[in-house]
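**Q** Could you work out the structure for the sequence below:
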Amino acid sequence: MAETKTIAKPEIQVTPKALEKIRQAFAKEGVQGGGLRLGVVGGGCSGLSYQIKYEQQPRPRDHVFEFGDVKIFIDPKSMLYLNGMTLDYKESLIYSGFSFENPNVKQSCGCGTSFTV
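**A** Numbers count the residues shown, from 1 in each chain. All right, here's what the predicted structure looks like:
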């Protein structure tokens, strides 16, 4: 079985605001250790959708990004779509949540969670 790949120089970025929201969510849920899994799954109105969830540990072939005490896990297939992206957290009167600023996206839907590459 292949070992987890830890990347010293990130191929993704996470803004300080997003890191703080991740820390807050982990603290609220009592999460200790593990990390946030970012992924891409088929579906949504534009063909692909982002997926965010907590996982206790990375899978053997995952890319692991470390931002201080926050770890981000991305599987190799999703990395093809997420390479170069920035995870941010946006707050407005009508929306609060994580935002993917992805240079690979050719078209996205109005809600910003579904895209085409």
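**Q** Extract the C-alpha trace of the regular element (helix or strand) spanning residue 28 and format it as PDB.
**A** Assigned by DSSP states H and E, residue 28 belongs to helix 16-29. Extracted in PDB, the C-alpha atoms of helix 16-29 (Å, rounded to 0.1, in the frame of the first residue of the first chain):
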ATOM      1  CA  PRO A  16      -6.700  32.900   7.400                       C
ATOM      2  CA  LYS A  17     -10.500  33.400   7.600                       C
ATOM      3  CA  ALA A  18     -11.200  29.900   6.300                       C
ATOM      4  CA  LEU A  19      -8.600  28.400   8.700                       C
ATOM      5  CA  GLU A  20     -10.200  30.100  11.600                       C
ATOM      6  CA  LYS A  21     -13.700  28.800  10.600                       C
ATOM      7  CA  ILE A  22     -12.300  25.300  10.300                       C
ATOM      8  CA  ARG A  23     -10.700  25.500  13.800                       C
ATOM      9  CA  GLN A  24     -14.100  26.800  15.200                       C
ATOM     10  CA  ALA A  25     -16.000  24.000  13.500                       C
ATOM     11  CA  PHE A  26     -13.600  21.400  14.900                       C
ATOM     12  CA  ALA A  27     -13.700  22.900  18.400                       C
ATOM     13  CA  LYS A  28     -17.600  23.000  18.300                       C
ATOM     14  CA  GLU A  29     -17.700  19.400  17.300                       C
END
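**Q** Does anything pack onto it? Which helices or strands?
**A** With contacts taken as 3 or more C-beta pairs under 8 Å, 6 or more residues apart in numbering; DSSP states H and E, helix 16-29 sits against strand 70-74, strand 86-91. For the C-beta atoms, the positions are set from N, CA and C on the backbone; glycine is no exception.
**Q** roughly how far out does it sit from the chain middle?
**A** Relative to its chain's centre, helix 16-29 lies at 13 Å (C-alpha atoms, centre = their mean, to the nearest Å).
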